[in-house]
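# Sequence and predicted structure, then a few things I'm wondering about:
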Amino acid sequence: MKEKTVKRLPYGNSNFERLISDNYIFVDKTFYIEALEKEANTYQFFIRPRKFGKSLFLSMLTHYYDLLSAERFSALFGELYIGENPTPLRNSYAVMEFDFSGLDTSTPDNFKKSFSGKVQSTVQQFLSSYKSIFAQSNGLINDIEEKQPGVGAMDIAFRVVRDANVKLFIIIDEYDHFANDLIAQGMNDVYKEMVHANGIVRDFYETLKIGTKTVVDRIFITGISPVMIDDLTSGFNIAMNLSLKVCYNNMMGFTEQEVERLMDEAGVERDLIIVDMKWYYNGYLFNKKATDRIYNPSMILYFFYNIIDSGEIPEKIIDDNLKTDYGRLQRLTRNEANRETLLQIVKNEGIIAEVQSKFSIDNLYDNNYFISLLFYMGLLTIEKPAGSVVRLCIPNYSIKTVFWEYILKSAQINAGFAINTEELRLSIFALAYDGQAKPFLDYVSRNIFNRLSNIDLQRFDEKYIKIILLTCLFQSRSYIPVSEAETDTGYVDIYLHRSPLAPDVTYEWLFELKYLKAGEKSLPVHRSKAQEQLQNYSRSSLMKDRKNLKKAVILFIGKNKYELFEGG
């Protein structure tokens, strides 16, 4: 029997030509080339969260439209949808690609130099790539280098393209990367200076807009938020935002069917997948009418790569690249209103809101716009319609851990305490292997709750307690802590599910939490109700066959005291 040929996983690779030529898997998204061409507006704007396949998609567009790639069309696209259904515009453009990541935003002057240099070097590279078409390229490249015209180099490129009687396709990746950095550093004034009238960024987009009157026939721009495109206002008001159109919900990222095919082509051993991939990595929906929820491609490729590389699921099921999102959250919540909104999202695992299609930097501290920014960043997604608005939820467990880490670190900063990781580890070991909850609760009560600041005490309630507990439990690899685990008899406050990374864990747990203010006399009533709930949960179809399942009612009284009742 002929052995099945497997392909390489494209983890960390966004070069379309290399994927096709070097036996990598390519999830065919070329149908969308045809769809984008049918759009009435040829100047297009499309945003998706970080690590969602934007750069690879742009690389695909470049190779499809680049007139220098015409001889390789069959080799690159022959086995893909667009190879069998080519459009009239294939290989008909000179393509100029900008990537605005990695700019120096440390000072206003450094940014101006960095941005200007990026535009200039891109134009020079463009002229060099098309030497066979632009006969005067070498002289112009040297002239640009000597005069250093920065954004002015665009005019030189447009003139050369016009004289050669070809059309130009402009592709811009990471269009807002530097804007996000400036905003995150609190350099809003610098941002406005660069983007508004007479600013260097506005000059670039105004030059690009002028170019559409002569040689710029198509534009495709990507990034992670719509903030800057709106702030440019009349400087660049020609692009159509396609990000939320239902027909483009699946254009980037993987559907469940695509993940299945990817596993087959890569030869991923399904027996090794002992975790719920949907729960960890899936869940993104960019239009409430869309039918497919989308996997984050970077997350799923990381997971499969580690399985193929080591023959087992990775010790860290959650990609460390997500840690950068924690930093973004921290910077976006410098004001109290955003911090409170974020806390409510984590407490309720979602929020009802209306996703805004565009907004200015001046709106970032407005509640609806802040929530929309979290949506575009991939930290929230559409759960279900709610009248004229939608309920947004946290997409998956991986993103939940980003929120939990944010909450715990914020509490640590406010109260000035540090986590004793060794003591915490030992207390969770007692939960997992000795079936004892008291060491863990003693640790949390003594080291965290008793040290909370006045700011945190104002938020102290049952849901806030749950968040802190979940965050601490997440630090261990013994458990997958599940908030509001759904059973056929209700929702468990916390279910400590045995981690697939620690199959030898002896005990799983159900925690039912109650909070009473100091001095309340209703403790027996709360305890009795919680014990009854636990008994019902443990009899549910989800829990009744779980091995060594322990139950505990935890009553927190004020911030300094708790009572533990095991056994349900």
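Nice, thanks for sending it over.

# who touches stretch 79-91?
Residues outside stretch 79-91 that contact it (C-beta atoms under 8 Å, 6 or more residues apart in numbering): 26, 28, 30-31, 33-34, 37, 64-67, 69-70, 73-74, 76-77. Any C-beta I mention is one placed from the backbone N, CA and C, and that applies to glycine too.

# Same question for stretch 32-47.
Outside stretch 32-47, the residues touching it (C-beta under 8 Å, 6+ apart) are 54, 60-61, 64, 81-82, 85, 87, 89, 212, 217-226, 229, 238-243, 247-248, 251, 376.

# Would you mind checking the average pLDDT for the longest helix seen in the chain?
Determined from DSSP state H, the single longest helix within the chain is helix 108-129. When pLDDT is averaged along helix 108-129, the result is 95.

# go on, stretch 430-439?
Stretch 430-439 comes out at a mean pLDDT of 96.

# Repeat that for stretch 505-520.
88.

# do the same with stretch 88-98
Mean predicted confidence for stretch 88-98 is 97.

# and that stretch, C-alpha only, in CSV?
The C-alpha trace of stretch 88-98 is given here as CSV (Å, rounded to 0.1, in the frame of the first residue of the first chain):
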residue,chain,number,x,y,z
PRO,A,88,-9.1,39.0,-16.3
LEU,A,89,-6.8,41.1,-14.0
ARG,A,90,-4.4,38.3,-13.1
ASN,A,91,-0.7,39.3,-13.5
SER,A,92,-1.6,42.7,-14.8
TYR,A,93,-0.1,45.1,-12.2
ALA,A,94,3.1,46.5,-10.9
VAL,A,95,2.6,45.8,-7.2
MET,A,96,4.0,48.2,-4.5
GLU,A,97,4.0,46.6,-1.0
PHE,A,98,4.3,48.6,2.2
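
# any idea how far that stretch is from the chain center?
29 Å (C-alpha atoms, centre = their mean, to the nearest Å).

# mind checking which helix or strand the closest residue to G211 other than its chain neighbours is in?
Among residues not flanking G211 along the chain, F158 sits closest, at 4.9 Å (C-beta to C-beta, 6 or more residues apart in numbering). Per DSSP states H and E: F158 is located in helix 153-163.

# Point out the other helices and strands that that helix packs with.
Secondary-structure packing of helix 153-163 (3 or more C-beta pairs under 8 Å, 6 or more residues apart in numbering; DSSP states H and E): helix 108-129, helix 137-147, strand 167-173, helix 200-211.

# buried ones in it?
For helix 153-163, a neighbour-count test (16 or more other C-beta atoms under 10 Å) marks 153-154, 156-158, 160-161 as buried.

# Just the angle for it relative to helix 137-147, thanks.
Inter-element angle recorded for helix 153-163 and helix 137-147: 160 degrees (by axes from the mean of the first three to the mean of the last three C-alpha atoms, to 10 degrees).

# chain center to helix 153-163, what's the gap?
That offset, for helix 153-163, works out to 37 Å (C-alpha atoms, centre = their mean).

# Check the average confidence over it, would you?
Mean predicted confidence for helix 153-163 is 94.

# what do you get for stretch 443-453?
On average, stretch 443-453 scores 87.

# now for it, what's the gap between its first and last residues?
17 Å (C-alpha to C-alpha, to the nearest Å).

# Contact partners for the residue nearest to K400 when sequence neighbours are not counted?
Excluding the flanking residues, the one nearest K400 by C-beta to C-beta, 6+ apart is I394, at 5.2 Å. I394 makes contacts with 345-346, 349-350, 379-381, 400, 403, as judged by C-beta under 8 Å, 6+ apart.

# ok, and the most crowded of the residues you listed?
L380 (26 neighbours; other C-beta atoms under 10 Å).

# Need phi/psi at that one.
Note on L380: backbone dihedrals following degrees, to the nearest 10 are phi -140, psi 160.

# quick one: it and V390 touch, right?
No - assessed by C-beta atoms under 8 Å, L380 is found out of contact with V390, at 10.0 Å.

# domain parsing for this protein?
Per automatic domain parsing, the domain ranges recorded for the chain read 29-49+61-248, 321-393, 420-566.
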